[in-house]
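Trainee: My questions are about this predicted structure, shown below with the sequence.
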Amino acid sequence: MSRAAVFLDRDGVINEYVREYVRTVDDFVLQTGAAEAFRLLGRLELPIVVVTNQSGIGRGYTTREIVDEIHRGLVEEAARQGASIVSVEVCPHRPDEGCRCRKPGPALFERAAAAHHLSWEGSWMVGDSPCDMEAAAALGLRAVRVRTGRGEEPLPPGVPVEVTTDDFLSACRWIAGER
Ligand SMILES: [Mg+2]
Ligand SMILES: [Zn+2]
């Protein structure tokens, strides 16, 4: 049996977008309303997967160890709100490395789905960047775009978005209302 999930981008959705990259634990600042958003997702009992491009690792601006420490804190904070982040999937590569895991590629999503028996059907993607919406479209996820972070950047033609909401919390309210 596979189950629906909520896939979340990180920077610009869960936490404040930093143009010069989140490099330290202190650079990771949750968006206003993030705790309430996790409480809502927890009540929906949907497993959560965070899917994040972290080319700052490949560029040498931060390290895998720091990124992992940030993610341990994030998983703990979500758990305090009753939400279950079952996996945080990270692409550490630079765009020029031509890896398969960098969004909008599907590999990070596929890895989490295989490990946690998740279905695309009935699942959601919440993201700010065009690459998040492209990934969602390719996999058939219901795409919710937020206006925070890179949420005002133009989408390539033909990339569908189910709804655009102000921020992470309003995205979760949309998801809750649709279930
Ligand atoms: Mg983002
Ligand atoms: Zn990669």
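Mentor: Nice, thanks for sending it over. Residues are numbered from 1 along each chain as shown. Ligands and ions are numbered 1, 2, ... in the order given.
Trainee: Close to ligand 1: what parts of this protein are there?
Mentor: With the criterion set to CB under 5 Å from the ion, the chain comes near ligand 1 through Asp9, Asp11, Gly12, Asp128, Ser129, Gly149. For the C-beta atoms, the positions are set from N, CA and C on the backbone; glycine is no exception.
Trainee: Compare those and tell me which has the most neighbours.
Mentor: Of all the residues of the chain next to ligand 1, the highest neighbour tally under other CB atoms under 10 Å goes to Asp9, namely 27 neighbours.
Trainee: from what I can see it touches Gln54, true?
Mentor: No: between Asp9 and Gln54 there is no contact under CB atoms under 8 Å: 11.3 Å.
Trainee: Smallest gap between this protein and ligand 1, at which residue?
Mentor: Ranked by CB to the ion, the top residue of the chain for proximity to ligand 1 is Gly12, at 3.6 Å.
Trainee: when you scan the top helix by length along the chain, is anything in it near ligand 2?
Mentor: Counting by DSSP state H, the longest helix found in the chain is helix 64-80. No: with CB under 5 Å from the ion as the criterion, ligand 2 is not reached by helix 64-80; the gap is at least 12.3 Å.
Trainee: what pLDDT, on average, does that helix get?
Mentor: What helix 64-80 shows for mean pLDDT is 98.
Trainee: Tell me where this structure has strands.
Mentor: Here the chain has its strands, by DSSP state E, at 6-8, 48-53, 85-91, 124-127, 142-146, 163-165.
Trainee: any chance of those in a markdown table, with distance to ligand 2, mean pLDDT and mean neighbour count too?
Mentor: Converted to a markdown table, the strands of the chain look like this (distance: least, CB to the ion, whole Å; pLDDT from 0 to 100; neighbours: other CB atoms under 10 Å):
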| stretch | distance to ligand 2 | mean pLDDT | mean neighbour count |
| --- | --- | --- | --- |
| strand 6-8 | 16 | 98 | 27 |
| strand 48-53 | 7 | 98 | 24 |
| strand 85-91 | 3 | 98 | 20 |
| strand 124-127 | 17 | 98 | 28 |
| strand 142-146 | 21 | 98 | 25 |
| strand 163-165 | 27 | 98 | 17 |
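Trainee: who in the protein is up against ligand 2?
Mentor: When proximity is defined as CB under 5 Å from the ion, the chain approaches ligand 2 at Cys91, His93, Cys99, Cys101, Arg102.
Trainee: Verify the stated contact: the first one with Arg100.
Mentor: No: taking CB under 8 Å as the definition, Cys91 is not a contact partner of Arg100, at 9.0 Å.
Trainee: so Thr32 makes contact with Asp167?
Mentor: Yes: here Thr32 reaches Asp167: they are 7.4 Å apart, a contact under CB under 8 Å.
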